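Trainee: Need a 3D model of the sequence below.
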Amino acid sequence: QVQLVESGGGLVQAGGSLRLSCAASARTFSSYAMGWFRQAPGKEREFVATITRSGGWTYYADGVKGRFTISRDNAKGTVYLQMNALKPEDTASYYCAAGLHMVPTPTTYDYRGQGTQVTVSS
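Mentor: Numbering: from 1, shown residues only. So this is what the prediction gives:
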């Protein structure tokens, strides 16, 4: 069983930045591909970004490309999401997820955290 705990959410003005962290309990953290997803009230959960086990490959949703950066520190068992130039439409609960034999998607993953709220005011 792997526990994922997100942190770093909060209230920020449009144009501001936040860095989310997701700490994993697994000693085999480097075996998992990781992803970030978000869900706004009344909307379906959507993909934000993903990163491979080594961190050598990343992929972003079109709406965050160029503004968000996913990274990981396998020694610390943590994946990050640096969010810059935030917009009100980025307001959502942000979740991290882990996939052992898959790249996690909003509906397919091995483990998922409880989420952290990001609110962007205009």
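
Trainee: does the residue positioned nearest the centre of the chain sit in a helix or strand, and which one?
Mentor: The centre of the chain sits closest to residue 36, judged by C-alpha atoms, centre = their mean, with a distance of 2.5 Å. According to DSSP states H and E, residue 36 maps onto strand 33-39.

Trainee: Can you point out the buried residues in that strand?
Mentor: Neighbour-count burial for strand 33-39, with 16 or more other C-beta atoms under 10 Å as criterion, is recorded at 33-38. Heads up, the C-betas are built off the backbone N, CA and C, glycines and all.

Trainee: Can I get it in PDB? Just the C-alpha atoms.
Mentor: Extracted C-alpha coordinates of strand 33-39, given in PDB (Å, rounded to 0.1, in the frame of the first residue of the first chain):
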ATOM      1  CA  ALA A  33       5.200   6.800 -12.900                       C
ATOM      2  CA  MET A  34       3.400   9.800 -11.400                       C
ATOM      3  CA  GLY A  35       0.700  12.200 -12.500                       C
ATOM      4  CA  TRP A  36      -1.200  15.300 -11.400                       C
ATOM      5  CA  PHE A  37      -4.900  15.700 -12.100                       C
ATOM      6  CA  ARG A  38      -7.500  18.200 -11.100                       C
ATOM      7  CA  GLN A  39     -11.200  18.400 -10.600                       C
END
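
Trainee: can you pull out the strands in the chain?
Mentor: Assignment of strands within the chain using DSSP state E yields the ranges 4-7, 10-13, 18-24, 33-39, 46-51, 58-60, 68-73, 78-83, 92-99, 111-112, 116-121.

Trainee: got a markdown table for the ones you listed, with mean pLDDT and distance to residue 105 too?
Mentor: Shown next, in a markdown table, are the strands of the chain (pLDDT from 0 to 100; distance: least, C-beta to C-beta, whole Å):
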| stretch | mean pLDDT | distance to residue 105 |
| --- | --- | --- |
| strand 4-7 | 97 | 15 |
| strand 10-13 | 98 | 26 |
| strand 18-24 | 97 | 16 |
| strand 33-39 | 97 | 7 |
| strand 46-51 | 97 | 6 |
| strand 58-60 | 97 | 11 |
| strand 68-73 | 98 | 14 |
| strand 78-83 | 98 | 16 |
| strand 92-99 | 97 | 8 |
| strand 111-112 | 96 | 11 |
| strand 116-121 | 98 | 19 |
